[in-house]
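Novice: Any chance you could fold what I've pasted below:
(one chain, ligands or ions: 2)
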Amino acid sequence: MKALHFGAGNIGRGFIGLILSRAGYNVMFSDVNQELVKALQQRGQYTVELANESKDTETVTGVSAIDGTQLETVAQNVAEADLVTTAVGVGILKHIAPGIAKGLEARLNTGLVQKPLHIIACENAIGASTQLKEHVYALLEEPVRALADQYVYFPDSAVDRIVPIQHHEDSLHVQVEPFYEWVVDRSQLAPAFLPIEGVLYVDDLEPYIERKLFTVNTGHCCAAYIGYVNGYDTIQKAIADEKVKSLVYGALQETGEVLVKRFGFNPEDHQQYISKILGRFVNPHLTDEVTRVGRSPLRKLSPNDRLVRPALQAYEYGMETTNLARGMAAACKFDVSDDPEAAELQDLIKQKGIAAALSHYTSMDEQHPVLKQAVEHYHQM
Ligand SMILES: NC(=O)c1ccc[n+]([C@@H]2O[C@H](COP(=O)([O-])OP(=O)(O)OC[C@H]3O[C@@H](n4cnc5c(N)ncnc54)[C@H](O)[C@@H]3O)[C@@H](O)[C@H]2O)c1
Ligand SMILES: O=P(O)(O)OC[C@@H](O)[C@@H](O)[C@H](O)[C@H](O)CO
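Specialist: Ligands and ions are numbered 1, 2, ... in the order given. This is a model prediction of the structure:
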């Protein structure tokens, strides 16, 4: 069985590639980073090390790579694949859509490969596979789209494993936290789908993706932004500061109340979930930079993402939002010049002021009480 995986980065190698390989797939990575592609082609394997006391290490074999800039090659690999997965960043999905669309055309028009194909986007976003489907479908002619409706499936998924930026002599080696969870929406699969070992299939993904995004990722970005404002360069150092930790904890109480109300989670179980997540953030064997965790602040401030969506839900329910608003304010202080989204945010704040900039990126009205709360925190920071 052959899996084509877009993105040979941290999650691609450290999580998805590893799980697929263990499940019996030969993994072909597609990436635009030529050094990574060359190294994978030459060596055909790489190592994954767990961030634990004993540094347990596993070698992932039977892998290779293609140059993701070569549309024809990408399309040919899509046409031949038994499974397609991605971990490129949700904003990159539109850039890989042309290769997937061309590959589907080849696959479906020839009539040779009319067996079902699953395309699973493993990105931190609600409905990422569905978003990818929209990008791909926009490029398909109607007859191919009709065939894709029959033979191609885009199940949404939630992926959880902390994989920091890697700094090793071996460019393919990747260190990951021991914990992982890959959840896929069963209701969006082909009837005869062969389950991938290591994946949890659920009938309703919404509680899983929202609990993950609005606990792990909300807590993480609050730690990154508030940590950055307080001069820390890693999540581990930021959370070691009790003041930062209690603000992160506060934000997770706010999202927690919303999640418990929306999905009927047991409140005590949810508190345990929060404690477990905070424990993962402080794993002493990991060094996770705040610039990675806070990366792309415009995405993180967007209406459906980890700060604004739970804050607006909390507001609608009449619940507390002050710590989430503080997270938004701290995101606006994230002045990291080599992050293009941070640079754009800083430019707009300079040009139009904090309230207009926040309103622009969050889609909240300047008079919205949550936005006003965030502006107040911003001025106090
Ligand atoms: N790192 C984590 O802890 C983690 C955990 C869960 C989910 N995620 C999600 O996984 C995704 C990837 O994150 P990451 O940390 O692995 O990032 P990363 O930057 O390490 O990896 C992304 C890879 O995609 C490649 N890429 C960019 N454009 C491409 C294209 N057009 N075609 C093919 N490859 C392309 C990049 O060269 C890079 O190797 C993101 O959506 C992220 O939110 C990350
Ligand atoms: O990948 P992002 O930019 O959406 O978020 C940064 C981190 O919070 C994220 O990568 C986590 O490490 C990961 O989601 C843990 O499962």
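
Novice: so how far is ligand 2 from A192?
Specialist: Distance of A192 to ligand 2, computed by CB to the nearest ligand atom, to the nearest Å: 30 Å. Every residue, glycine included, has its C-beta placed from N, CA and C.

Novice: repeat for Y273
Specialist: Y273 is 13 Å from ligand 2, by CB to the nearest ligand atom.

Novice: measure that residue to ligand 1 for me?
Specialist: Distance, Y273 to ligand 1, using CB to the nearest ligand atom: 17 Å.

Novice: Kindly give the local confidence score, pLDDT, for that residue.
Specialist: Per-residue confidence (pLDDT) for Y273: 98.

Novice: Look at it and give its secondary structure.
Specialist: helix (DSSP: H, G, I helix; E, B strand; the rest coil).

Novice: Contacts only, for it.
Specialist: The contact partners of Y273, by CB atoms under 8 Å, 6 or more residues apart in numbering, come to 211, 215, 265.

Novice: Repeat that for W182.
Specialist: Here W182 is in contact with 15-16, 19, 122, 157-160, 198-200 (CB under 8 Å, 6+ apart).

Novice: Please, which helix or strand holds it?
Specialist: strand 181-185 (DSSP states H and E).

Novice: roughly how far apart are S363 and V308?
Specialist: 8 Å (CB to CB, to the nearest Å).

Novice: related to what we said a few turns ago, next, the buried residues of the strand holding W182.
Specialist: For strand 181-185, burial by neighbour count (16 or more other CB atoms under 10 Å) applies to 182-185.

Novice: about what we covered before: report the set of residues contacting both of S363 and V308.
Specialist: Joint contacts of S363 and V308 (CB under 8 Å, 6+ apart) are S302.

Novice: before we move on, back to that, quick one: which of the contacts of Y273 is nearest to N283?
Specialist: Nearest to N283 among the contacts of Y273 is T215, at 16.3 Å by CB to CB.

Novice: Quickly note the distance from the closest one to C221.
Specialist: For T215, the distance to C221 - CB to CB - is 11 Å.

Novice: who's more crowded, these two?
Specialist: The neighbour count for T215 versus C221, taken as other CB atoms under 10 Å, is higher for C221 (28 against 24).

Novice: ok, and the closest non-adjacent residue to that one?
Specialist: Closest residue to C221 in three dimensions, ignoring its sequence neighbours and counting by CB to CB, 6 or more residues apart in numbering: K300, at 5.3 Å.

Novice: Do you know the pLDDT at the one you found?
Specialist: We have a pLDDT of 98 for K300.

Novice: and if you look at N109?
Specialist: For N109, pLDDT reads 86.

Novice: what's the neighbour count on it?
Specialist: 13.

Novice: Regarding whichever residue of the stretch 1-150 of the chain sits closest to ligand 1, what are the backbone dihedral angles?
Specialist: Closest to ligand 1 within the stretch 1-150 of the chain is G9: 1.8 Å, counting by CB to the nearest ligand atom. Torsion angles at G9 (phi, psi; degrees, to the nearest 10) stand at phi -80, psi -150.

Novice: What distance do you get for it to N124?
Specialist: Taken as CB to CB, the span from G9 to N124 is 13 Å.

Novice: And those two? Which one has more around it.
Specialist: Neighbours per residue, other CB under 10 Å: of G9 and N124, the larger number sits with N124, 23 against 19.

Novice: Give me the secondary structure label for the nearest residue to N124 once chain neighbours are set aside.
Specialist: Sequence neighbours aside, N217 is the residue nearest to N124 in space, at 5.8 Å (criterion: CB to CB, 6+ apart). Recorded secondary structure, N217: helix (three-state DSSP).

Novice: and the residue most central in space within the chain, what pLDDT?
Specialist: Nearest to the geometric centre of the chain sits N124, at 2.3 Å (CA atoms, centre = their mean). The per-residue pLDDT reported for N124 equals 97.

Novice: Then the one 10 residues further on?
Specialist: Predicted confidence (pLDDT) for E134: 98.

Novice: Check L112 too.
Specialist: pLDDT at L112 comes out at 65.

Novice: now L194
Specialist: So L194 comes in at 87 (pLDDT).

Novice: tell me which parts of the protein are close to ligand 2?
Specialist: Counting by CB under 6 Å from any ligand atom, the chain comes close to ligand 2 at 124, 160-162, 216-217, 220, 293, 295-296.

Novice: Apply 5 Å and report the result again.
Specialist: Residues of the chain lying near ligand 2 by CB under 5 Å from any ligand atom: 124, 160, 162, 217, 220, 293, 295.
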